[in-house]
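>>> Next comes the sequence, and after it the predicted model I'd like to discuss.
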Amino acid sequence: MRIASLVLFTLLAVGTAGPVAPAVAQDAAPQPPRWMSIGAGRALMRTGPARTYPGAWLYQRPDLPLRVTAAFQEWRRVQDPDGTEGWMLVNLLRKTRTAYVRGPGAAAMRDKPSAGSGAAWHAAPGVVGRISACGEGWCRFDVKGKAGFVEVGDLWGVDPGEVLP
């Protein structure tokens, strides 16, 4: 009887020890907020984190940068450059860093990260390109092979002061 009580007590103690952390994290990326981009040719933004929620927007623009503001299972709450927010499946997104040119006029894509440097190209508002080597207020911005340095203030998809290798 004593042994049965001891076994029962041990099982109860183990069963009430609290939740056990999963061995492998679902998403090893940093916690929100963070930046991702649309990786699919067609990506549906929903009003909630399940397929039962209605679709709000259908994006047909791969590489469009999105700010991830929350995560729930395989869903990510995202914000687009216009401020629209909703939920997308994580498999529609990728970690490729992109940016969207914002502002009333074209952004100068300079030869060097300096306002005094010559402009090799100009990118119109709404143009999407890949970013790399961000630091000191500038990012290297590549639009289909045409690259230059753009001031961070002209881009949506990178935080002020953010440094990328």
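All right, it came through fine.
>>> Report whether the expected contact of A124 with V101 is present.
Yes: if you go by CB atoms under 8 Å, A124 and V101 touch, sitting 6.7 Å apart. From N, CA and C alone the C-beta is placed, and that goes for glycine too.
>>> Need the per-residue pLDDT for Y53.
Looking at Y53, its pLDDT stands at 97.
>>> Which phi and psi values does it adopt?
Here is the backbone geometry of Y53 (degrees, to the nearest 10): phi -80, psi 150.
>>> who's in contact with it?
R46, T47, W87 (CB atoms under 8 Å, 6 or more residues apart in numbering).
>>> secondary structure class for the closest residue to W75 other than its chain neighbours?
Using CB to CB, 6 or more residues apart in numbering and skipping residues adjacent in sequence, the residue nearest W75 is P49, 3.6 Å away. Recorded secondary structure, P49: coil (DSSP: H, G, I helix; E, B strand; the rest coil).
>>> ditto for M88
Once three-state DSSP is applied, M88 turns out strand.
>>> wait, it sits on T47?
No: with contact defined as CB under 8 Å, M88 does not count as touching T47 (11.4 Å).
>>> Looking at the two, which is more packed in?
The neighbour count for M88 versus T47, taken as other CB atoms under 10 Å, is higher for M88 (24 against 13).
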